[in-house]
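Undergrad: build me a model:
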Amino acid sequence: MRPARTDPAGRPGRFAQSRGRDRRHGLRGAPPSARSRGGFVRRSVLSRPAPLAGVIVLAVALDQLVKWLVETHLPFHRPVDVLPMLSLFRTYNSGIAFSFLSGAGIGVLLVLTFCVIAFVLYLWRRTESRRWLSHLGYALIVGGAIGNLIDRALLGHVVDYVLVHTENYAFAVFNLADSFITVGACAVLIDELLGMRRDRRAQAEDPHD
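TA: Numbers count the residues shown, from 1 in each chain. Prediction:
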């Protein structure tokens, strides 16, 4: 490799200076999504297909296992107190998450569930690979939706068993699949807010963007 040309004073010549400027401007001009404090952001393991598929399979398996245990060992419509405001209460939900749309027919709910899953997959496909928290959230949403879809397709209803209540008020009964959906949606929302904050900070630090 030939050394950079220098002028008589020992300073780098125009060629070396221009290459240095190009390198700095190239990094400065990179979008906020491609920069981080330690360099360029690397793709997270949780944004790769295999681990995310594992999250979905694990979520569905855990949901179905817990529902089988509930159906086998928990009496129907007889609360079992766990904590002062938390009880196990086996019931059947003919609607979707948290007993919503319980009066709709099974065909409508199946079509609606498929549409929701398709929409989530569409949003998931458009998500940048670096945003591992959103990818994890979408995987949990899909896993929870599939868990409840299996119940609805095979049983005609969803098995719910977690009851949060007070002395005078009872919240809707839900299950582990509903929890996966809720946690996944919160993860996607948090990642969106954090991404907006990072982009604003990067633009404030670099007025050339």
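
Undergrad: check the offset of stretch 64-72 from the chain's centre.
TA: A distance of 25 Å separates the centroid of the chain from that of stretch 64-72, by Cα atoms, centre = their mean, to the nearest Å.

Undergrad: in it, which residues are buried?
TA: Residues of stretch 64-72 classed as buried: 64, 66-67, 70 (neighbour count, 16 or more other Cβ atoms under 10 Å). For glycine as for every other residue, the C-beta is placed from the backbone atoms N, C-alpha and C.

Undergrad: tell me the mean pLDDT over it?
TA: In this model, stretch 64-72 has a mean pLDDT of 97.

Undergrad: could I get the CA-only coordinates of that stretch as PDB?
TA: Output of stretch 64-72 as PDB, limited to C-alpha atoms (Å, rounded to 0.1, in the frame of the first residue of the first chain):
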ATOM      1  CA  GLN A  64     -52.200 -24.500  25.300                       C
ATOM      2  CA  LEU A  65     -50.400 -26.300  28.200                       C
ATOM      3  CA  VAL A  66     -51.800 -24.000  30.800                       C
ATOM      4  CA  LYS A  67     -55.300 -24.200  29.300                       C
ATOM      5  CA  TRP A  68     -55.100 -28.000  29.400                       C
ATOM      6  CA  LEU A  69     -54.100 -27.900  33.000                       C
ATOM      7  CA  VAL A  70     -57.000 -25.500  33.800                       C
ATOM      8  CA  GLU A  71     -59.500 -27.700  32.000                       C
ATOM      9  CA  THR A  72     -58.200 -30.800  33.800                       C
END
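
Undergrad: i'd like the first residue to be 16 from this point on
TA: Sounds good: first residue 16 from here, last item stretch 79-87.

Undergrad: so which residues of the protein form helices?
TA: With helices called from DSSP state H, the chain shows them at 29-43, 64-88, 121-140, 147-170, 191-220.

Undergrad: quick one: list the elements packing against the second one.
TA: Counting by 3 or more Cβ pairs under 8 Å, 6 or more residues apart in numbering; DSSP states H and E, the packing neighbours recorded for helix 64-88 are strand 101-108, helix 147-170, strand 173-179, helix 191-220.

Undergrad: and those: which comes nearest Leu136?
TA: Nearest to Leu136 among these is helix 147-170; the distance by Cβ to Cβ comes to 7.0 Å.
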